[in-house]
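Undergrad: dropping the sequence and predicted coords here.
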Amino acid sequence: MTESASLRTLLDGIWSNNPGLVQFLGLCPLLAVSNTAINGLGLGLATLAVLTLSNLLVSLCRNRVPNEVRLPVFVLIIASLVTVIELLFKAFLFDLYLSLGIFIPLIVTNCAILARAEAFASRHSPSAAILDGISMGAGFILLLVALGALRELIGRGSLFYGADSLFGPMATGFEMQLFPESSGLLLAVLPPGAFIGLGLLVAAKNYFDARAVSLSTTQLQSEDPAQ
Amino acid sequence: MSLLSNSRAPHQHSQRNVAQMMRDVLLATFPVSTILCWTYGWGVLLNILFAASCCWLLEAAALKIRGRRLQPWLTDGSAPLTGVLLALALPPLTPWWLIAIASLFAIVFAKHLYGGLGYNLFNPAMAGYAVLLISFPAYMAWWPELSARSNINDTLHYFLYGTAAADALSGATPLDAIQTGLKQMQTLPELLANGTLETAGNAQWVWINLAAIAGGLFLLMRRTITWQIPAGVILGLALSASIAWIGDAAVNPSPWLQLVSGGTMIGVFFIATDPVSSASSPQGKLIYGAGIGALTYVIRTWGAYPDGFAFAVLLMNLAVPLIDRYTRPKLYGQVQ
């Protein structure tokens, strides 16, 4: 894989083909746990780990698995990885495990992971598959943290609430309270806030993309000597 | 869904436009606003004026951002009307920033994100009110004591800072009183006998609702609204309430009490009849109205919020495309 191709793969997942903002995959966990930035980061990290490892394993066995049974095999791989991650969370990040609850085991059903296994990893070399997993996972993390921070800030006036559950007791100071919790707009941390927030983020991304396109076309026109 | 009639051709134009309709509805809210002001004091007037101007400014801003012409949408009165209807749903003492947030959701989120006047899926005023109801339940449940009608200074103080003057007492609306009373294992005849409902302003709310009916009759006479939606809501609510009331009158408010407590009639005539977000065929309107009535009863009885009218309207707004689909009038000459 050339350098520019791998760079494109990397940028794909983070911006132009972001699993949440563009492909609208994995919305159930995305909407359910993005009520704080730290919850989003925790689930995002778990998803990143599962996605990268599953992409690697799927890519490694892509030539040995018969086409007819590929999906069950992918699901088995993903399910085993999620079980490992869940046990790791339970052992080392118990507070976060409690606050994420059912959504860690539910990573199995995150369609972003199966979609990447099917659409990318089963057709590419292991190194490209790992890169795709990292990029898609990073895109998912960025979106989860952005949405989580937005909802947390509007809904309860804080940022990085519960940071110690992810980074240990020394991270207690990360937590910021920007205005009193009682004057937050409660709607933002409730389920409707997730939908409205995601809609706003998608709109913002489309706005920036459209502006970038119109900027580059006006630039091309002004540089064109024929005109 | 649309302002267009979908009955069969030929059509006759009513020679009226959106601005005239909106003016009619604004005029029709006058009696009920007056009685509300008279009952609860200056706060109501302050809410109405502030919400209407907020909505109007936000409408101008939204049109500007979307790159639309400001005319005719800025002078047709639709935005101030949204503000007035929103204000009629609010408690008489509401801090200004809550009204601003509700106006923002009503005009920008519920209306302009869907494409502006005529395209909104949800009733803007109720969407704004529901945001407040969900986000600030404490403020929305705080109604001032009727006897202690606050003077203009206290009202302004609360409007600006959101904290009550020291001697302000918190009261309840009749619906609140019924809900708390029933939770404390009191029966309705007891609540009536010991004056709980009386202090909650039961009599005054009857007058408020009668004023709303007067406005509604004016709209019916002007043919700004049709009778199907109000009739549907009243029937839906009264029927559900009657069934429960006949079953056990001790814990279920009578249909009369349901119809004249809370701002039911304001909702029936001014909110449920919004031409954009309600069903369009005559049968469809009846179904739409009945659905609102039944859902209002369900949410009032089993829900955590004292009044369910706003949620009932929003839920039925969602059902409108389906209702319109199944009640589409037959084309002339169509054989089924």
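TA: That came through fine. Numbering: from 1, shown residues only, chains lettered A, B, ... in the order given.
Undergrad: hey, let's count contacts and neighbours off CA atoms from now on
TA: OK.
Undergrad: closest residue of chain A to chain B?
TA: residue A:186 (4.3 Å; CA to the nearest CA).
Undergrad: am I right that that residue is in contact with residue A:152?
TA: No - look at residue A:186 against residue A:152 with CA atoms under 8 Å: they stay out of range, at 9.5 Å.
Undergrad: of those two, who's got more company?
TA: Per other CA atoms under 10 Å in any protein chain shown, whichever of residue A:186 and residue A:152 has more neighbours is residue A:152, with 26 against 22.
Undergrad: give the closest residue to that one in space, chain neighbours not counted.
TA: residue A:36 (5.0 Å; CA to CA, 6 or more residues apart in numbering or on different chains).
Undergrad: who are the packing partners of the helix or strand hosting residue B:238?
TA: Assessed by DSSP states H and E, residue B:238 sits inside helix B:228-247. If you count contacts as 3 or more CA pairs under 8 Å, 6 or more residues apart in numbering or on different chains; DSSP states H and E, helix B:228-247 packs onto helix B:255-260, helix B:282-302.
Undergrad: quick one: residues in contact with the shortest one.
TA: Here helix B:255-260 makes contact (CA atoms under 8 Å, 6 or more residues apart in numbering or on different chains) with B:205, B:206, B:209, B:234, B:237, B:238, B:239, B:241, B:242, B:245, B:264, B:265.
Undergrad: residue A:155 is in contact with the residue nearest to residue A:152, correct?
TA: No - under the criterion of CA under 8 Å, residue A:36 is not in contact with residue A:155, lying 9.4 Å apart.
Undergrad: overlap in contacts, these two.
TA: residue A:189.
Undergrad: of those two, which one has the most company?
TA: residue A:36 (27 against 23).
Undergrad: so which residues of the stretch 51-200 of chain B form helices?
TA: B:78-89, B:96-104, B:124-135, B:137-141, B:152-161, B:174-183, B:188-193, B:196-199 (DSSP state H, counting those that start in this stretch).
Undergrad: what's the closest of the ones you listed to residue B:319?
TA: Among those, the nearest to residue B:319 by CA to CA is helix B:124-135 (15.4 Å).
Undergrad: now find how far off-centre the longest helix seen in chain A is within its chain.
TA: Using DSSP state H to define each element, chain A has its longest helix at helix A:191-223. In terms of CA atoms, centre = their mean, to the nearest Å, the centre of helix A:191-223 is found 19 Å from the chain centre.
Undergrad: stretch A:194-208: which residues count as buried?
TA: For stretch A:194-208, burial by neighbour count (16 or more other CA atoms under 10 Å in any protein chain shown) applies to A:194, A:195, A:197, A:198, A:201, A:202, A:205.
Undergrad: ok, back up a step: closest one to chain A among the helices of the stretch 51-200 of chain B?
TA: helix B:124-135 (4.3 Å).
Undergrad: now tell me what touches that closest one from outside.
TA: A:185-187, B:82-83, B:85-86, B:89-90, B:98, B:101-107, B:110-111, B:140, B:271, B:310-311, B:313-314.
Undergrad: mind redoing it with 7 Å?
TA: A:185-187, B:82-83, B:85-86, B:98, B:102-103, B:105-107, B:110-111, B:140, B:310-311 (CA atoms under 7 Å, 6 or more residues apart in numbering or on different chains).
Undergrad: same thing with stretch A:199-215?
TA: With CA under 7 Å, 6+ apart as the test, stretch A:199-215 has contacts from residue A:21.
Undergrad: would you mark the buried spots in the helix or strand bottoming out on mean pLDDT in chain A?
TA: Lowest by mean pLDDT, DSSP states H and E among the helices and strands of chain A is helix A:164-167, with a mean of 76. Using 16+ other CA under 10 Å as the test for burial, helix A:164-167 gives A:164, A:165, A:166.
Undergrad: kindly report the same for stretch B:100-113.
TA: Those would be B:100-112, for stretch B:100-113 by 16+ other CA under 10 Å.
Undergrad: what is the nearest of these to residue A:170?
TA: Relative to residue A:170, and with distances defined as CA to CA, the nearest of the buried residues of stretch B:100-113 is residue B:101, at 37.6 Å.
Undergrad: spell out which parts of the stretch 101-250 of chain B neighbour chain A.
TA: B:131, B:134, B:135 (CA under 7 Å from any CA of the partner chain).
Undergrad: neighbours around the first one, how many?
TA: Just to be clear, that refers to residue B:131. Other residues close to residue B:131 by other CA under 10 Å number 21.
Undergrad: try residue A:91
TA: 10.
Undergrad: that one in helix, strand or coil?
TA: helix (DSSP: H, G, I helix; E, B strand; the rest coil).
Undergrad: got the contact list for the most centrally placed residue in chain A?
TA: By CA atoms, centre = their mean, chain A has its centre lying nearest to residue A:140, at 1.2 Å. By CA under 7 Å, 6+ apart, the contact set of residue A:140 is A:19, A:20, A:44.
Undergrad: please, which helix or strand holds it?
TA: helix A:126-156.
Undergrad: continuing past that helix, what's the next helix or strand?
TA: strand A:158-159.
Undergrad: on that earlier part again, how about the residues of the stretch 101-250 of chain B next to chain A in TSV, adding distance to residue B:157 and pLDDT?
TA: Listed next are these as TSV, based on distance: CA to CA, whole Å; pLDDT from 0 to 100:
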residue	distance to residue B:157	pLDDT
B:131	24	92
B:134	24	89
B:135	22	89
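Undergrad: switch the residues you listed over to TSV; also include distance to residue B:69.
TA: Formatted as TSV, those follow (distance: CA to CA, whole Å):
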residue	distance to residue B:69
B:131	29
B:134	34
B:135	34
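Undergrad: tell me, how many residues neighbour the nearest residue to residue B:202 once chain neighbours are set aside?
TA: Counting by CA to CA, 6+ apart, residue B:202 lies nearest to residue B:174, which is 5.7 Å off, once chain neighbours are set aside. Residue B:174 is flanked by 25 other residues according to other CA under 10 Å.
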